[in-house]
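>>> 3D, please:
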Amino acid sequence: MQLQVSGLTDVGLKRENNQDSFLIDQDLGLYIVADGMGGHQGGEVASRLAVQTIRTVIKESFDKDKGIRPYDLLQRAYQEACRVIYNESEAQLKLKGMGTTAVTVLVRDNTLYIGNVGDSRAYLIHAPHIWQITDDHSLLNEQLRSGAVKIENIKHYAAKNVITRSVGFEDTVNCDVIERTLQPGEYVVVCSDGLSGLVSDQRICDIVLSLPFEDVPARLIDEAKKAGGDDNVTAILILGK
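Prediction:
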């Protein structure tokens, strides 16, 4: 399958530095968004290390071990990224406690393999509908599932940004891997919560379906800024053709 891909990141309106990192590698069929945490330096380092390490593991497999299942490959990549980040945080006191979310889309033929840790997201859009593919590893999502918080009360929930799983905060991590066929004409949006936390799913869908492809990431970021822009914002758009 042919893919059209575009991506963009922005510091937003209220942060001093950008702790999001992203990757578009068409040769590997690899697309990543990572949103770091751990202070001014730690988050930036963690997200960068996650993206670099996941890419390195995928690239080595692409060159030497093409027989490995994509599911196992993503698990390997996330564990290695977790180890690298954790060891770096142990070696440098100023980076102690850093970690990152990471959503990775690995495309093989017409199949998506999506690795996920944290509350960055991957969406699927099949006009006119949008679905969240990934599951948020967040305190809010746990509270919603248990019934302790109602959907209508989300905007008043004080701990929206508390995640329950990250890459690198500990030396191992449990990575979700989702497999799905991508049909021609379907879109995938991969984004940090700087977008999904401020712009509704339906609004994201409307922007994707109403604008020229190359204009979408910038417009999504502008929409997050209009809604307050209180976090870094990153969006990758993928179209199956």
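>>> next helix or strand past the lowest-mean-pLDDT helix or strand in the chain?
Ranked by mean pLDDT, DSSP states H and E, the helix or strand of the chain with the weakest confidence is helix 139-146, at a mean of 62. Elements were assigned by DSSP states H and E; along the chain past helix 139-146, the next helix or strand is strand 176-181.
>>> neighbouring contacts of the following helix or strand past that next one?
Later in the chain than strand 176-181, the nearest helix or strand by DSSP H and E is strand 187-191. Residues from elsewhere that reach strand 187-191, judged by CB atoms under 8 Å, 6 or more residues apart in numbering: 7, 22, 31-33, 103, 105, 112, 120-126, 133, 182, 204, 208, 220, 233-240. Using the backbone N, CA and C atoms, a C-beta is placed for each residue, glycine as well.
>>> what mean pLDDT does the host helix or strand of residue 202 get?
Per DSSP H and E: residue 202 is located in helix 201-210. Mean pLDDT, computed over helix 201-210, is 98.
>>> tell me what that helix is packed against?
When contacts are defined as 3 or more CB pairs under 8 Å, 6 or more residues apart in numbering; DSSP states H and E, helix 201-210 sits against strand 121-126, strand 129-132, strand 187-191, helix 216-226.
>>> which one of the ones you listed lies closest to residue 85?
strand 187-191 (19.8 Å; CB to CB).
>>> buried among the contacts of strand 187-191? Need that as a selection in PyMOL.
Applying 16 or more other CB atoms under 10 Å to the contacts of strand 187-191, the buried members can be selected in PyMOL as follows:
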select buried, resi 7+22+31+32+33+103+105+112+120+121+122+123+124+125+133+182+204+208+220+233+234+235+236+237+238+239+240
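>>> moving C-terminal of the helix or strand encompassing residue 58, what's the next helix or strand?
Secondary structure from DSSP H and E places residue 58 in helix 39-64. Following helix 39-64 in sequence order, the next helix or strand is helix 70-91 (DSSP H and E).
>>> list the contacts of that following helix.
By CB under 8 Å, 6+ apart, the residues outside helix 70-91 that reach it are 38, 42, 45-46, 49-50, 53-54, 56-58, 61, 68, 95-100, 102, 104, 106, 108, 111, 113, 115, 117, 167-173, 175, 177, 179.
>>> how far away from the center of its chain is that helix?
Chain-centre distance of helix 70-91: 16 Å, with CA atoms, centre = their mean, to the nearest Å.
>>> with stretch 172-189 instead?
11 Å.
>>> quick check: mean pLDDT of that stretch?
97.
>>> ends of that stretch, how far apart?
End-to-end span of stretch 172-189 (CA to CA, to the nearest Å): 27 Å.
>>> quick one: buried residues of that stretch?
Within stretch 172-189, the residues that count as buried by 16+ other CB under 10 Å are 173, 175-178, 180, 182, 186-189.
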